[in-house]
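J.: how would this look folded up:
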Amino acid sequence: MIEAVLTRCHLGESDSLYVGQIAQDVEVILNGRGENCSVNAREVGGRLRMLGLFTEPRDSKGFKLALTAGLRRKIHELARDFSVPTLHGDAEQCGDCRTPVVKP
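T.: Have a look, this model is predicted:
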């Protein structure tokens, strides 16, 4: 799930990301790795909250993450913490990937 959100951050297509799209992306990633499963938005929303990524109130398209600078940093921190594979390939182009995280 973190990989899906990080990838969307790097694409820079929008300033927000809907939970339903994240669920679709997660399903594509898992199925591409041979795990034949379905992922629903409710499940993804719950896991996002457990990771400290909180959605905005529901609009006509669903719940979304507002990709603010702070949230992008948090996503990159999670990617580092969980050794997300796409983080390494995208590091050259992304300022958040190049910025080291200093934890207290």
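
J.: show me what contacts the closest residue to S38 other than its chain neighbours?
T.: In space, and not counting its chain neighbours, S38 is closest to E27: 6.2 Å by Cβ to Cβ, 6 or more residues apart in numbering. (C-beta placed from N, C-alpha, C; glycine too.) Going by Cβ atoms under 8 Å, 6 or more residues apart in numbering, E27 touches 37-39.

J.: Let's have those in TSV, adding neighbour count and pLDDT.
T.: Formatted as TSV, these follow (neighbours: other Cβ atoms under 10 Å; pLDDT from 0 to 100):
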residue	neighbour count	pLDDT
C37	8	89
S38	10	92
V39	21	92
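
J.: Kindly indicate which of these lies nearest E3.
T.: Nearest to E3 among the contacts of E27 is V39, at 12.8 Å by Cβ to Cβ.

J.: what does stretch 56-63 contact?
T.: Stretch 56-63 is contacted by residues 16, 18-20, 41, 45, 55, 64-66 when judged by Cβ under 8 Å, 6+ apart.

J.: ugh, wrong one, stretch 6-17
T.: By Cβ under 8 Å, 6+ apart, stretch 6-17 touches 5, 21-22, 25, 56, 64-67, 72, 75-76, 79, 84, 86-87, 90, 93-94, 96.

J.: at 10 Å what do you get?
T.: Stretch 6-17 is touched from outside by 4-5, 18, 21-22, 25, 29, 48, 53, 55-56, 59, 61, 64-68, 71-72, 75-76, 78-79, 82, 84-87, 89-91, 93-94, 96-97, with contacts defined as Cβ atoms under 10 Å, 6 or more residues apart in numbering.
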